[in-house]
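*Asks:* Structure, please.
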Amino acid sequence: MFGEILCCKLRLLPRSIIHTAWSQYSLAPRISSKPASLVVNLLINSLFNCLIFCIFNHMTHSIKIKVIAITFVTLSAIGFLDATYLTMEHYRGSVPPCAIAGCEIVLKSGQSAIFGVPVALFGVIYYLTILILSIAYLESGKIAILRLASYLTIIGVIASAYFVYLQLFVIGQICQYCMVSASTSTGLFGMGMYTLKN
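*Replies:* As a prediction, this is how the structure comes out:
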């Protein structure tokens, strides 16, 4: 309900304001390493995610589901590549190049592995599972497969929220690769909840 009200309010904004906000606060330009700025960026991008969902309201149900499935494939592929890269770098014993200073601290912290297994490897398994299920749905058209993938996104977003919490309040540093994963899992969760609701 809150999301629907927020979307309706956003639709009333002048296009000039929306364009300015997008150019200033999109994830594309730059990511600040300061937690406060990061939270602001995430909130702004969440508002624009609502705008995307507003567009969905003008589509037929079948088109919406297909768009969601294609989005699942895209986001899970991005997450899979991101997590695979971090996993490979972990086992190579190196830290990938970062645009911000906190990556090395985060990736070498005690929270970056569970019982010696890098957290990124769990991300590889998660995103690969979502990717396979999404492709399977597009091939078969069986909605039960997409619903299963949607339920799995709950696990992903909870894990991402926990790791973002660790970065902000325990480690005190931000890893850009981890935030890419958090963004993709959040997007998958939003699409998944929409699928389950409809």
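
*Asks:* For Y162, give its distance to I143.
*Replies:* 30 Å (C-beta to C-beta, to the nearest Å). In short, each C-beta sits where N, CA and C put it, glycine included.

*Asks:* same question but for M193, I mixed them up
*Replies:* 15 Å.

*Asks:* Could you do R92 as well?
*Replies:* R92 is 41 Å from I143, by C-beta to C-beta.

*Asks:* now swap in L152 and tell me
*Replies:* On the measure of C-beta to C-beta, L152 and I143 end up 15 Å apart.

*Asks:* How about A69?
*Replies:* Taken as C-beta to C-beta, the span from A69 to I143 is 10 Å.

*Asks:* Neighbour count for the two, which is higher?
*Replies:* Between A69 and I143, counted using other C-beta atoms under 10 Å, the more crowded position is A69 (23 against 13).

*Asks:* ok, that one - contacts?
*Replies:* The contact partners of A69, taken as C-beta atoms under 8 Å, 6 or more residues apart in numbering, are S134, Y137, L138, L146.

*Asks:* residues touching the second one, list them.
*Replies:* Contacts here follow C-beta under 8 Å, 6+ apart; on that basis Y137 touches A69, F72, I143, I145, L146, A149.

*Asks:* ok, now the last one?
*Replies:* Applying C-beta under 8 Å, 6+ apart, we find L146 in contact with I65, I68, A69, F72, L133, S134, Y137, T195.

*Asks:* let's see 6 Å
*Replies:* A69, Y137, T195 (C-beta atoms under 6 Å, 6 or more residues apart in numbering).

*Asks:* Which helix or which strand is home to it?
*Replies:* helix 143-165 (DSSP states H and E).
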